[in-house]
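>>> Coordinates for the following, if possible.
(one chain, ligands or ions: 2)
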Amino acid sequence: METSSDFQVSELINVGNFINEWDDTARSCCQKLVEGTNQQYALARRMNITEETVDELTDVCSVDALLTGKEPQKETLYKQIPEDLDLYCTRFQKYELERRKDFGYKQMVARNMKYSLSENIKCSDHRQEVMTKTKSPVLCPNIVLTVCVHRPYIPGPYSKLRQDDTFLVLGTQKLTELRDVVTCVSDLSVAGDFSDNPDLTAISSAKDIFKSGFFFMEGIFYDDMRDPLNIRYSKEIIEWASEPSHGQNTYVAKNMEDTRFSDLTVRLGQPYLYMHQGNCEHIIIISDIRLLHSSDPHELQSYPFKVLNNRTRRTVCRACMTGTARWMVEKSHLTPDSPNFLCNVCFKMLLYDKNNKKIGNFEAKKFFDSAVK
Ligand SMILES: [Zn+2]
Ligand SMILES: [Zn+2]
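Ligands and ions are numbered 1, 2, ... in the order given. Now for the predicted structure:
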């Protein structure tokens, strides 16, 4: 590991060569494990130990070996802390249980836990979607990269870099396959005032119209040029950087749709850039590269596989304080401030009469919440 400015990053890793650096036995074991055959004895032979030793180690290192048989039930552990137990963690648990007897505090905790926790998911909704598609097995052995995508960064005194979704991608996948699953409110936004026709649904979002974008990693721009109308964003940046006053003439441009993850040479932990919609910039970080193993999904269609969904609080409707805001209303004499955020129901009830005519001369824009995108 080496230190580069504020970040801890690894040496450069050629993703394609990574798989070749593994021993044949390890690679074939990964393959067999994925295929459902237990190959631990093959590793034992490689390590010059007997099969009996492997069996013994399996028993001794089993998670079950940690249990004494006297463990309290889960429910009891949380709610009834034994009197003779004096650990730091149980002291805090006791204190917290006392505090939660206060109804207001209990509600506040429930509210916070509902909307601001990171959720570790083996993304069931995504799996469900995959189940309906034709399944084909993942090629083995294969490489799995963990890619963390961050929210758009808007510079400011209180700006923070916030992680959004984390995906597992295969070495054999193209960069465009990752790009297609990254969600951002900039892609969902729809420009214009819809107050005269709020029920209009056949409208194109920014993602359907402006399809250009690029990844920037280790001095190489990977532009999405799948659509003939796409703009090669990198062209002007490379020209600007190669001017004598800027002195950076090593940047090159490639096509995102022609590049697989196995073609990359990257550093773990290094912040890279994903840019789309003209100026929406996301930091992406590759945090891990490893061989595919038995606990990974085996269907090719499951990838990129979302493993972490980082949720934040949603923007609630300012009228009912319950629904999620779907409209941003400006210049209305009926709302206390401008802009005002309303859900679909309150928007219609407050700002339209029984004949569906707008009340007053306001403007309404569709609002997309990053927490419920
Ligand atoms: Zn974005
Ligand atoms: Zn409402």
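>>> partners of the residue of the stretch 1-150 of the chain found nearest ligand 1 in the sheet?
In the stretch 1-150 of the chain, the residue that lies nearest ligand 1 is V149 (9.4 Å; Cβ to the ion). (Glycine included, C-beta is placed from N, CA and C.) Counting by DSSP bridges, V149 is bridged to I284.
>>> And the residue most central in space within the chain, how far from K306?
Nearest to the mean C-alpha position of the chain, counting by Cα atoms, centre = their mean, stands D165 at 0.9 Å. Look at D165 and K306: by Cβ to Cβ, to the nearest Å, they are 6 Å apart.
>>> now K366
25 Å.
>>> More neighbours: these two, which one.
The residue with more neighbours, out of K366 and K306, is K306; 20 against 17, by other Cβ atoms under 10 Å.
>>> Please identify the helix or strand for the more buried one.
strand 305-310 (DSSP states H and E).
>>> E236 now?
Counting by DSSP H and E, E236 is part of helix 234-241.
>>> if I pick the closest residue in space to S338 that isn't next to it in sequence, what's in contact with it?
In space, S338 comes closest to E330 once its chain neighbours are excluded; the distance is 4.9 Å by Cβ to Cβ, 6 or more residues apart in numbering. Residues counted as contacts of E330 (Cβ atoms under 8 Å, 6 or more residues apart in numbering) are S338, P339, N340, F362, E363, A364, K365.
>>> okay but F210 is in contact with M275, surely?
No: taking contacts as Cβ atoms under 8 Å, F210 lies outside contact range of M275: 11.9 Å.
>>> Next up, the contacts around R100.
Here R100 is in contact with K106, V109 (criterion: Cβ under 8 Å, 6+ apart).
>>> correct me, but L161 touches P155?
No: with contact defined as Cβ under 8 Å, L161 does not count as touching P155 (10.9 Å).
>>> Among these two, which residue is more densely surrounded?
Each of L161 and P155 has its neighbours counted (other Cβ under 10 Å); L161 has more, 10 against 6.
>>> Quick one: classify L350 as helix, strand or coil.
Of the three states, L350 takes helix according to DSSP: H, G, I helix; E, B strand; the rest coil.
>>> Which residues lie in contact with it in this structure?
Applying Cβ under 8 Å, 6+ apart, the residues near L350 are A319, L334, T335, L342.
>>> Starting from the strand holding K306, tell me the next helix or strand along the chain.
strand 327-330.
>>> Give me every residue in the stretch 51-200 of the chain lying close to ligand 1.
P152, C184, S186 (Cβ under 5 Å from the ion).
>>> Out of these, which comes closest to D258?
Closest approach between those and D258, by Cβ to Cβ: C184, at 23.5 Å.
>>> helix/strand/coil for the residue nearest to the centre of the chain?
The three-state assignment at D165 reads strand, by three-state DSSP.
>>> That one and R151 touch, don't they?
No: D165 is not in contact with R151 according to Cβ under 8 Å; the separation is 9.6 Å.
>>> which residue packs closest to the residue in the stretch 51-200 of the chain that ligand 2 sits nearest to, ignoring adjacent ones?
Using Cβ to the ion, the closest approach of the stretch 51-200 of the chain to ligand 2 is made by P198 at 14.3 Å. The shortest distance from P198 to any non-neighbouring residue, by Cβ to Cβ, 6+ apart, is to A364 (6.3 Å).
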